[in-house]
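S.K.: just coords:
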C-alpha cells in the first residue's frame, strides 16, 4: 500500500511539472495560478468543482464571473493584486471560506458580501484605500486575523 502511494505521488509530481498550477493531495484540489497573466479561470479548473484552495495573486486583469461560484467547497482564496476583481463579487456564496486575501485591489471599502461569510477566520485587506471599517465587521464571529496594514488614512475607533 505504501509503495502504491509513493508511486501515485510521483505520478502527480510528474503531472505537476507539466501543469504546475494544479495539485491534488488526499482528495483535496488546489490551483496555483499566481502571476500567470490569466484574465479568467482556465476551463480545466472547472473539472474540479470540489477545489478547496485557489491562489490567483498577481493576475491584474483577472475577472471572476458567476461560473466561479461552482467552487462551493472553497476554504481559501487569494486574489491579491488582481485589480480587475469587482468589489461586488458575491464572496458570501462560499459558506466554507475561511481564508480570504483581498490585498492590493484598490478597494475603498471592504465589500459588503465579505461581512456575510460565516466561517471566515482570516481576512487580508491590506494595501487598499480603506479609510473606515463598517460595524458589520462584528458579524464575522469566527474572525481571528484581520490585516488592515497599508490602508493609509484608515480611521479605526477602539
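M.R.: That came in fine, so what should we check first? Computed from a predicted model, the values in this text were never measured in an experiment.

S.K.: so what's residue 112 up against?
M.R.: 134, 136 (CB atoms under 8 Å, 6 or more residues apart in numbering). (C-beta placed from N, C-alpha, C; glycine too.)

S.K.: and it, how close does it get to residue 88?
M.R.: 8 Å (CB to CB, to the nearest Å).

S.K.: how about the residue positioned nearest the centre of the chain: what's its closest non-neighbour residue?
M.R.: Per CA atoms, centre = their mean, the C-alpha nearest to the average position across the chain is that of residue 77, at 1.4 Å. The spatial neighbour of residue 77 that comes closest, neighbours along the chain excluded (CB to CB, 6 or more residues apart in numbering), is residue 54 at 4.6 Å.

S.K.: any idea how far residue 98 is from residue 79?
M.R.: Residue 98 sits 15 Å away from residue 79, going by CB to CB.

S.K.: tell me which of those two has more neighbours.
M.R.: residue 79 (25 against 20; other CB atoms under 10 Å).

S.K.: surely that one touches residue 60?
M.R.: No - Residue 79 lies out of contact with residue 60 (CB atoms under 8 Å); the separation is 10.6 Å.

S.K.: secondary structure element holding the residue lying closest to residue 58 once chain neighbours are set aside?
M.R.: Leaving aside its chain neighbours, residue 58 sits nearest to residue 35 (3.7 Å; criterion: CB to CB, 6+ apart). In this structure, residue 35 sits in neither a helix nor a strand according to DSSP states H and E.

S.K.: run through the residues that contact residue 35.
M.R.: Residue 35 neighbours (CB under 8 Å, 6+ apart): 57-59.

S.K.: will you turn these into CSV that also has secondary structure?
M.R.: Formatted as CSV, the contacts of residue 35 follow (DSSP: H, G, I helix; E, B strand; the rest coil):
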residue, secondary structure
57, coil
58, coil
59, coil
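
S.K.: in ChimeraX, select just the buried ones from the residues you listed.
M.R.: Of those, the buried ones can be selected in ChimeraX as follows, counting by 16 or more other CB atoms under 10 Å:
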select :57,58,59
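
S.K.: so which of the contacts of residue 35 is the closest to residue 154?
M.R.: residue 57 (22.4 Å; CB to CB).

S.K.: the closest one contacts residue 79, correct?
M.R.: Yes - applying CB under 8 Å as the test, residue 57 and residue 79 come out as touching, 7.0 Å apart.

S.K.: what's the average pLDDT for stretch 94-103?
M.R.: What stretch 94-103 shows for mean pLDDT is 97.
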